[in-house]
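Visitor: Can you look at this prediction? I've put the sequence above it.
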Amino acid sequence: MPVTAAERMSPPIPLAELIDATGAQIIGELDPGTAFRWIERNSREVLSGDLFIAVEGEVHDGHTFVADAAARGATAALVRAGWATEQGDPPLPLIGVPEPVQALQQLAEARRSCLEIGVVGVTGSLGKTSTKEIIGAVLGTRFETYRSPGNMNSEIGLPLSILEIGPEAEMAVLEMGGAYAMGEVALLAQIAKPQVGVVTNVHPIHLERMGTIEAIAETKRELPGSLEATGFAVLNGDDRRVRAMADHTAATVLTYGSTDANTIWFSDLKTFGNEGVSFDLHGLWPSRRISLPLAGAHAAELVMSALLTGHAFGLGLDEMLEPLGDRNVQIRLLPLPGPHGSRMIDDTYNASAPSMLSALRVLKETPAQRRIAVLGGMRELGSETDTQHRVVGEAVARSADALFTFGDLALKLADAAREAATVDGSRVSVQSFREDQREDLTAALLSELTEGDLVLLKGSRGLEMERIVQALIQPSEDSNPSA
């Protein structure tokens, strides 16, 4: 979960460090010894002692919120120099630079160059955050390890993450890039300077921005391409586009997957719903059976990417497996108590067709009196929108007894589920709700769910379906419930 402004405990950011890194000019009175508590881009989150950064986005220009930031206690504002010179009597000192976001990146790059730590960069279409968390848990067995919060993987989020790294850190695991533009991952790698780069997969996510899956692969390839010869590229060998990245890096290549063509591989994978997985692990170590309480078939890939990363830093297999015995290291498919004795699987973090299918498999394999899927639409699929929703809808008909959809895009999913149920004789009831009917959907679920039900909730992040989970969650004496 993202760290709130009040919870943030980060190293201070001296004004002198900012000026040295960016050549910024100060307009107004500001003590040379000033150190900022944090750099905040949302004026509503500003706390006393913060430096407000005016970010010019597609919808809003942060310069229009400088006065609001001042009223909330900002010490100064990092702004475009041209704008600063036009302000007659600014409400707080201004720090002028050619472009505020670029200045933030320069500051982070300078800070990173002073950190004597190991850095792991993680990119891919799917599973970046889950992979980051599993790798962080593995490295944390031996090293003081920082993990970038939430999905702070953008040209703004990653620099802020680096500024958040404390002096005690020995390792940092950073998520890199959502495949929004060519050169994005290369820029982030230049700032973070990772010694290990992990690429999870390439899927048709963000097609509306990137156009083709080949373009997406090219952006992800920038991470292994940025590594030095002393580094390690950890690649998903089962994904042909990722495996091909081995030809575009100077680093040592370590691959994982389901065949012996990889550095390490798994066989005889068995899944047990929300109870976990087991598989045989082969490759670098003597073959052995691994059983872990991590839900979903994708857990095998998460684990293997983390094992190779830990191996790159000299960790042994047993010490790496130890923290993976804790179900809480996985951020997806979280078991929670539901209303009226029901159980929930919270997978609302985000959604794509592969992750939807994986979650539906967990739903199908977990014992329950009745299985219910609450699914939102999948965004940024471009020309693949109809096809991907159809595939998921057909899977719902094979996995659930009831389907509740949320949002306009999910109507395609609902139609596919009805059609598939008609063809194969499945009995799946379907109800659909618009995005402005969140409270109606919640009320319907509260009325519908009963003891013995198992309900999966999943959708694109923009739908904020975690709000539905919070409305449904029931107090439980068991602090670590299992579905």
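Guide: Received the coordinates, thanks. Treat the numbers as computed from the prediction; the structure is a model and nothing was measured.
Visitor: how's the chain carved up into domains?
Guide: Here the domain assignment for the chain is 13-99, 115-329, 334-472, based on automatic domain parsing.
Visitor: For these, please prepare TSV with the additional fields distance to Gln105, mean pLDDT and mean neighbour count.
Guide: For every residue, glycine as well, the C-beta is placed using N, CA and C. Below are the domains of the chain laid out as TSV (distance: least, C-beta to C-beta, whole Å; pLDDT from 0 to 100; neighbours: other C-beta atoms under 10 Å):
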stretch	distance to Gln105	mean pLDDT	mean neighbour count
domain 13-99	9	96	17
domain 115-329	5	94	20
domain 334-472	24	92	20
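Visitor: Would you mind telling me which of these is nearest Ala108?
Guide: domain 115-329 (3.4 Å; C-beta to C-beta).
Visitor: right, and Ala420 touches Arg427 too?
Guide: No. Judged on C-beta atoms under 8 Å, Ala420 makes no contact with Arg427 at a distance of 11.8 Å.
Visitor: Throw the domains of the chain into CSV and include distance to Glu109, thanks.
Guide: Formatted as CSV, those follow (distance: least, C-beta to C-beta, whole Å):
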stretch, distance to Glu109
domain 13-99, 8
domain 115-329, 5
domain 334-472, 28
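Visitor: wait, which of those is closest to Gln106?
Guide: Minimum separation from Gln106 across those (C-beta to C-beta) falls at domain 13-99, 4.9 Å.
Visitor: Find out how far that closest one is from the centre of the chain, if you would.
Guide: Here domain 13-99 is found 28 Å from its chain centre; the criterion is C-alpha atoms, centre = their mean, to the nearest Å.
Visitor: likewise stretch 338-346?
Guide: 25 Å.
Visitor: again, but for stretch 330-339
Guide: Worked out by C-alpha atoms, centre = their mean, stretch 330-339 lies 17 Å from the chain centre.
Visitor: swap in stretch 84-101?
Guide: Stretch 84-101 has its C-alpha centroid displaced from the chain centroid by 33 Å (C-alpha atoms, centre = their mean).
Visitor: got a list of contacts for it?
Guide: By C-beta atoms under 8 Å, 6 or more residues apart in numbering, the residues outside stretch 84-101 that reach it are 15, 18, 22-30, 51, 53-56, 62, 66-67, 69-71, 74-81, 83, 103, 155-156.
Visitor: my guess is Pro12 contacts Gly33, does it?
Guide: No. With contact defined as C-beta under 8 Å, Pro12 does not reach Gly33; the gap is 10.9 Å.
Visitor: Next, the residue of the chain most remote from its centre: phi, psi?
Guide: Distance to the chain centre peaks in the chain at Gly88, reaching 42.3 Å (criterion: C-alpha atoms, centre = their mean). Backbone torsions of Gly88, given as degrees, to the nearest 10, read phi -70, psi -50.
Visitor: Quick one: the strands in the stretch 51-200 of the chain, in order.
Guide: Counting by DSSP state E, counting those that start in this stretch, the stretch 51-200 of the chain has strands at residues 51-53, 76-80, 94-97, 118-123, 145-147, 171-175, 196-199.
Visitor: Skipping adjacent residues, who's closest to Gly296 in space?
Guide: Using C-beta to C-beta, 6 or more residues apart in numbering and skipping the chain neighbours, the partner closest in space to Gly296 is Ser358 (4.8 Å).
Visitor: and that neighbour, that one's in a strand?
Guide: No. Ser358 sits outside any strand when classified using DSSP: H, G, I helix; E, B strand; the rest coil, being helix.
Visitor: For it, give me its contacts.
Guide: Neighbouring residues of Ser358 by C-beta under 8 Å, 6+ apart: 296-298.
Visitor: again, but for Phe279
Guide: Phe279 makes contact with 266-270, 289-290, 300 under the criterion C-beta under 8 Å, 6+ apart.
Visitor: just to revisit the earlier point, among the contacts of Ser358, which one sits closest to Phe406?
Guide: Gly296 (21.6 Å).
Visitor: what's the span of stretch 318-327 from first residue to last?
Guide: 17 Å (C-alpha to C-alpha, to the nearest Å).
Visitor: Repeat that for stretch 236-252.
Guide: End-to-end distance of stretch 236-252: 14 Å, with C-alpha to C-alpha as the criterion.
Visitor: excluding its backbone neighbours, what's nearest the residue most central in space within the chain?
Guide: For the chain, the residue nearest the mean C-alpha position is Thr129 (3.3 Å; C-alpha atoms, centre = their mean). Nearest residue to Thr129, sequence neighbours excluded (C-beta to C-beta, 6+ apart): Asn151, at 5.4 Å.
Visitor: Over to Met176: give its phi and psi.
Guide: phi -130, psi 110.
Visitor: In three-state terms, how would Leu254 be classified?
Guide: Criterion first, three-state DSSP; result for Leu254: strand.
Visitor: For it, which residues are in contact?
Guide: Leu254 makes contacts with 232-235, 263-264, 308, 311-312, as judged by C-beta under 8 Å, 6+ apart.
Visitor: Could you list which of those residues belong to strands?
Guide: 232-235, 264 (DSSP state E).
Visitor: ok, Thr450 touching Gly338?
Guide: No. Using C-beta under 8 Å as the test, Thr450 is too far from Gly338 to be in contact (9.6 Å).
Visitor: Pop out the phi and psi values for the residue nearest to Leu360 when sequence neighbours are not counted.
Guide: Nearest residue to Leu360, sequence neighbours excluded (C-beta to C-beta, 6+ apart): Ser399, at 4.3 Å. Torsion angles at Ser399 (phi, psi; degrees, to the nearest 10) stand at phi -120, psi -20.
Visitor: How about Leu223?
Guide: phi -70, psi -60.
Visitor: I figured it hits Thr123, correct?
Guide: Yes. Counting by C-beta under 8 Å, Leu223 does reach Thr123; the two are 4.8 Å apart.
Visitor: helix or strand right after the host helix or strand of Leu321?
Guide: Leu321 belongs to helix 317-321 when assigned by DSSP states H and E. As assigned by DSSP H and E, the chain's next helix or strand after helix 317-321 is strand 334-337.
Visitor: So which other helices or strands are in contact with the helix or strand following that next one?
Guide: Next helix or strand after strand 334-337 toward the C-terminus (DSSP H and E): strand 343-346. Where contact means 3 or more C-beta pairs under 8 Å, 6 or more residues apart in numbering; DSSP states H and E, strand 343-346 is packed against strand 334-337, helix 353-365, strand 453-458, helix 466-472.
Visitor: Output the ones you listed as JSON lines; include the columns distance to Leu254.
Guide: Shown next, in JSON lines, are the helices and strands packed on strand 343-346 (distance: least, C-beta to C-beta, whole Å):
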{"stretch": "strand 334-337", "distance to Leu254": "30"}
{"stretch": "helix 353-365", "distance to Leu254": "23"}
{"stretch": "strand 453-458", "distance to Leu254": "31"}
{"stretch": "helix 466-472", "distance to Leu254": "35"}
